[in-house]
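Visitor: Everything below, folded, please.
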Amino acid sequence: MSVAIAFAVAALSFHGPTLAQEDSDKSDHTPSTTNLDKVTITGSRIKRVDVEGPSPVTVITADDIQKEGFSTVYEALSTLSQFTGSVQNELNQSGFTPNAQFINLRGLGPGYQLVLLNGKRMADYPMPYNSQSNAVSLSSIPAAAVERIEIMTGGASAIYGSDAVAGVINIITKSNFEGDSLYVRGGTTSRGGGDTGLFQWTGGKSGERWNLIYALEYLNRESILASQRDFMDSYHDNPRYRDDPHNATAASGVYLYQNGPGYVWPDANGKLSGSVDALRSACAATSPDFQPFRSARNIADENRCGYFGYPATQSIQNGFDKASAYLSGTLDFGQNLQVYGQLLYTRSKNTGASATRFWQTAGWVHDPDLGYLQAQRIFTPAETGGPQKSVFEEETFSLNLGLRGSWWDGRFDWDAGLSHARYDMTIEMPYFTTDRINDYFFGDLLGYVGTNKYPSYHVRVDRLFSPMSPADYQSLITTVHSTAESQSTQGQFAVTGDLFDLPAGPVGMAFVLEGARQKYAINPDPRSTPDYTGKDSIYNLTSTRGGGSRDRYALGLEFGVPILHNLKANLAGRYDRYDDQTDVDGAFTWQAGLEWRPVSSLLLRGTHATSFRAPDMHYVYSGNSGGYTYITDAYLCRTKGIDPTSPDCSGPDYNYQVFRTYEGRKDLVEEEGRSNTVGVVWDVMDQMSVSLDYYSIKLENQVGEIDSDYLMRTYADCRLGTDIRGNPVDGGSPSCTHFMGLISRDESSLGNGKVDRYSAYPVNQSMIRTDGFDVTWKYALDTDRRGKFSFQANYTHVTKLDLQRFADDEVENIRDGRRYFNFRSRANWMVGWEKNDWQTNLYGYRYGSLPSWDESTRIAPYLLWNLDVQKKITPKATIGVSVVNVFDNLHPRDDSYTSYPYFWRAFSPVGRQVFANYRYTF
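Guide: Residues are numbered from 1 along each chain as shown. Modelled structure (predicted):
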């Protein structure tokens with residue numbers, strides 16, 4: 001048996017017209033052991049006869065996307081059963097990437113699956129996910145250009161290099177299309193907002209020696225605000241108060257807190273008082289949208305002035321305005337040489353909106369007449385002039401040029417290519433400037449007082465408790481202008497073919513040599529950076545910044561060895577060399593797989609692979625960044641006898657803003673993984689097949705930042721010596737020493753022991769492991785009288801998800817641990833019917849249960865149905881109707897989820913969507 005040693009970065013997939021033509025007839029995501037001409041399937045560079053290989057591959061065709069009822073590539077990929085993790089999305093408008101669309105296979109994270117376009121790496125989304133690490137966003141890929149998407153799950157670094165830990169997503173564009181097709185789609189949501197229009201024009205022309213494919217797509221989607229969903233437009237929707245509205249609490253629309261007297265309000269005569277009458281008068285005078293409320297059940301009268309509609313002003317679905325163009329062509333020079341090229345360009349202008357702006361004192365301030373105090377003011381839409389929109393302008397460009405041909409009478413195919421991918425974006429957001437907003441409420445700085453040097457002002461109490469005009473509001477606002485870019489350039493030379501013949505068949509080989517450069521830069525508005533000391537600094541915004549580059553070189557080799565006529569081995573190896581500022585010099589990975597077909601209808605398969613991920617560039621090159629974020633102070637809650645998971649720990653004394661600092665590190669090392677799969681594919685009978693694949697992925701030295709909730713809870717455990725259930729905790733353990741050193745508290749009499757800042761940075765943590773299995777079933781039934789029926793189902797079940805944060809820590813079961821929100825199972829299925837000119841598909845998908853927010857139990861699974869009906873009205877024209885979320889299902893009920901938006905981010909608040917479709921071919 002030959003042994004393969006390979007050194008290479010992501011290589012070219014040889015996807016020729018034969019595979020494109022054959023796969024365009026597939027209408028399922030299901031494996032099959034059908035024989036085809038030799039083709040290349042994601043997960044191997046060696047051309048093969050059998051579609052199924054040692055690693056499981058899922059295929060989604062362009063036709064599937066429409067049959068499932070969707071408009072975009074991401075919508076289809078987001079229902080994959082292997083997508084068991086969760087990601088931040090448009091519900092996280094205050095996050096760092098509210099306009100991006102990420103995938104999280106196997107729950108390892110957005111950056112742990114390699115996303116390719118025609119076998120080439122795409123440029124990362126320029127802004128880091130959760131301000132920490134880069135990943136590929138799928139929002140820039142137009143569905144009009146897609147032929148199919150191949151998803152290989154499991155480690156594949158021996159084939160593709162870094163990032164291929166949980167799998168590979170290879171988006172393959174159209175390469176064999178004759179004629180023209182126009183597709184128009186329009187629709188809306190049944191709950192309001194989200195009007196959508198989609199136009200696609202796809203065409204192809206060919207001659208004796210040339211081929212040209214082109215596609216245009218325009219997508220326009222209206223945004224949806226929280227105010228358009230009655231289950232999330234107010235703090236009254238908090239399930240804690242569903243049956244007790246009298247005790248509902250809200251964000252404080254306005255307050256003035258004096259050290260000593262406490263909360264005070266100007267009465268009708270302008271005198272500050274802590275009376276209920278003064279509160280009611282001041283609250284009504286400030287804004288008609290504000291309402292007095294009681295901050296706790298055991299308080300007899302109202303003691304706060306709240307803005308219950310505060311969350312209603314944010315987007316829950318961004319507005320899209322996106323145009324894309326795709327061009328692909330080939331030109332033959334003789335029989336053994338072809339020039340090829342592919343160009344994909346997308347430009348978008350998308351809009352989102354966070355909740356309206358607020359102002360508050362940065363800790364304590366001093367007033368000569370009032371003493372030490374704190375204050376806050378939220379601004380309503382009547383004051384701001386409407387939603388405060390953020391605009392994301394994004395431009396992506398992918399170019400792939402090359403030559404390919406054959407040697408030795410067609411025995412070997414070769415390909416020499418150069419690709420370049422670029423992602424540019426501009427972000428514009430309205431924010432206060434610190435000087436203007438502070439001057440409005442404070443006036444001139446009088447000096448600093450006390451040992452802690454608190455600033456002193458004559459606070460303008462009248463302005464704090466008075467409405468602001470839109471003109472005054474706009475005079476305090478500036479536009480924050482930031483840019484970011486990322487690039488990936490690579491050249492490769494690949495050879496594939498049959499080396500020699502063994503008794504059981506030819507030995508296939510693939511060789512790849514590659515060099516690449518990757519770089520990114522984040523250029524925030526200078527006024528929003530931590531070290532800015534000039535005029536008009538941005539209030540309540542400290543931006544993430546960073547930038548750097550890395551070069552990488554790789555050499556790879558792969559063999560397909562027929563041991564017996566029904567037993568084949570696949571062996572691959574690869575060496576990646578990195579030239580950057582990290583401690584990563586090089587990484588060697590290898591992979592071995594077996595395919596055994598004891599009978600023609602049965603395939604037994606298995607793989608073992610090593611994988612790695614070079615430290616994410618933003619983990620390495622992130623500059624000194626910071627920002628204000630809310631924390632729940634579990635330590636203070638527990639010292640007061642309050643359960644930190646209870647709603648009583650969500651008040652302003654325990655849930656408050658602190659300053660978080662962050663900076664990258666260059667001493668990070670590569671993350672190393674091992675992956676195993678064992679499976680079976682069985683053609684049960686004609687037109688019916690089933691597959692079962694077990695997987696196990698273990699990743700060590702994983703890089704990450706500790707989640708703030710986890711950090712605060714663990715800090716409390718370490719400092720108090722017990723966890724929330726009374727179990728002992730060793731406060732001197734390595735983890736406790738690390739966590740407690742990250743948090744700073746203000747222990748002064750005014751600080752009340754609250755956290756004033758905490759530090760965050762990436763570290764190589766120890767280990768994460770996940771095991772599970774995937775099941776796929778397909779059946780097709782052709783009846784003469786009742787038409788053709790098709791059935792398919794995909795199911796993924798996670799049997800293990802373990803995390804060990806540091807080498808000396810215990811291994812945590814985060815699959816069942818109720819602090820963690822990955823799905824233990826996901827499924828999708830489709831039933832199709834076709835007769836004469838009619839075609840109908842019913843598509844369903846299920847999210848498994850999650851822990852309740854209070855960690856006491858698990859909530860119900862989430863089930864959605866889509867329907868697509870098409871009718872061919874002429875030989876060239878087809879009309880149709882698509883309904884996404886037919887039954888208008890919303891998130892599963894969780895009465896303990898008392899944090900806005902009162903459901904986990906993986907659940908969509910959009911509701912039912914209805915579309916009309918029209919296609920014309922000519």
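Visitor: looking at this structure, which residue ends up farthest from its center?
Guide: residue 269 (53.0 Å; CA atoms, centre = their mean).
Visitor: and that residue, how far is that from residue 282?
Guide: Separation of residue 269 from residue 282 (CB to CB, to the nearest Å): 12 Å. Glycine gets a C-beta too; all of them are placed from N, C-alpha and C.
Visitor: tell me the SS of the residue farthest from the centre of the chain?
Guide: coil (DSSP: H, G, I helix; E, B strand; the rest coil).
Visitor: quick one: contacts of stretch 764-771?
Guide: Applying CB atoms under 8 Å, 6 or more residues apart in numbering, the set of residues contacting stretch 764-771 from outside is 106-108, 668-669, 671, 694-704, 798-807, 809, 811, 815.
Visitor: ah, wrong one, I meant stretch 271-290
Guide: Contacts of stretch 271-290 (CB under 8 Å, 6+ apart): 253-254, 256, 258, 261-268, 291-292, 301-307, 309, 370, 377, 380, 382-383, 461, 464-467.
Visitor: now do stretch 603-611
Guide: 33, 50, 52-56, 154-158, 164-165, 570, 589-598, 672-682, 693, 699.
Visitor: thinking again about what came up before, okay, and which of the contacts of stretch 271-290 map to helices?
Guide: 382-383, 461, 464 (DSSP state H).
Visitor: Give the buried residues for the host helix or strand of residue 550.
Guide: Residue 550 belongs to strand 546-564 when assigned by DSSP states H and E. Buried residues in strand 546-564, counting neighbours by 16 or more other CB atoms under 10 Å, are found at 546-548, 550, 552-563.
Visitor: Let me know the closest of these to residue 471.
Guide: For these, the closest approach to residue 471 (CB to CB) belongs to residue 546, at 37.7 Å.
Visitor: Enumerate every residue touching the closest one.
Guide: Per CB under 8 Å, 6+ apart, neighbours of residue 546: 128, 520-522, 617-618, 621-623, 625, 664.
Visitor: same question, residue 695
Guide: Shown in contact with residue 695 (CB under 8 Å, 6+ apart): 106, 153-154, 675-677, 770-774.
Visitor: Output the residues you listed as CSV; include the columns secondary structure and pLDDT.
Guide: Supplementary listing: the contacts of residue 695 in CSV, determined by DSSP: H, G, I helix; E, B strand; the rest coil; pLDDT from 0 to 100:
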residue, secondary structure, pLDDT
106, helix, 95
153, strand, 90
154, coil, 88
675, strand, 96
676, strand, 96
677, strand, 96
770, strand, 96
771, strand, 97
772, strand, 97
773, strand, 97
774, strand, 97
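Visitor: Please report which of the residues you listed has the highest neighbour count.
Guide: Within these, most neighbours by other CB atoms under 10 Å means residue 154, with 30 neighbours.
Visitor: any idea how far that residue is from residue 411?
Guide: For residue 154, the distance to residue 411 - CB to CB - is 31 Å.
Visitor: Then residue 250?
Guide: 74 Å.
Visitor: Same drill for these two, tell me which one is more crowded.
Guide: Using other CB under 10 Å as the criterion, residue 250 and residue 411 rank with residue 250 on top: 23 against 11.
Visitor: excluding its backbone neighbours, what's nearest the more buried one?
Guide: residue 306 (3.1 Å; CB to CB, 6 or more residues apart in numbering).
Visitor: ok, now how distant is residue 648 from residue 253?
Guide: 21 Å.
Visitor: sorry, back to before: out of the ones in helices among the contacts of stretch 271-290, which end up buried?
Guide: For these, buried by 16+ other CB under 10 Å: 383, 461, 464.
Visitor: Closest one of those residues to residue 481?
Guide: When these are ranked by distance to residue 481 (CB to CB), residue 383 comes first, at 23.6 Å.
Visitor: Could you tell me how far the nearest residue to that closest one once chain neighbours are set aside is located from residue 819?
Guide: Counting by CB to CB, 6+ apart, the nearest residue to residue 383 once its immediate chain neighbours are dropped is residue 468, at 4.6 Å. Distance of residue 468 to residue 819, given as CB to CB: 41 Å.
Visitor: what do you get for residue 676?
Guide: Counting by CB to CB, the gap from residue 676 to residue 819 is 28 Å.
Visitor: Just to check, residue 86 is in contact with residue 103?
Guide: No. With contact defined as CB atoms under 8 Å, residue 86 does not count as touching residue 103 (11.0 Å).
Visitor: Report pLDDT for residue 751.
Guide: Looking at residue 751, its pLDDT is 65.
Visitor: mind listing what the residue lying closest to residue 747 once chain neighbours are set aside touches?
Guide: Leaving aside its sequence neighbours, residue 747 sits nearest to residue 753 (CB to CB, 6+ apart; 5.7 Å). Residues near residue 753 by CB under 8 Å, 6+ apart: 636, 745-747.
Visitor: I'd like to know which of those residues are buried.
Guide: Among the contacts of residue 753, those classed as buried by 16+ other CB under 10 Å are 636, 745-746.
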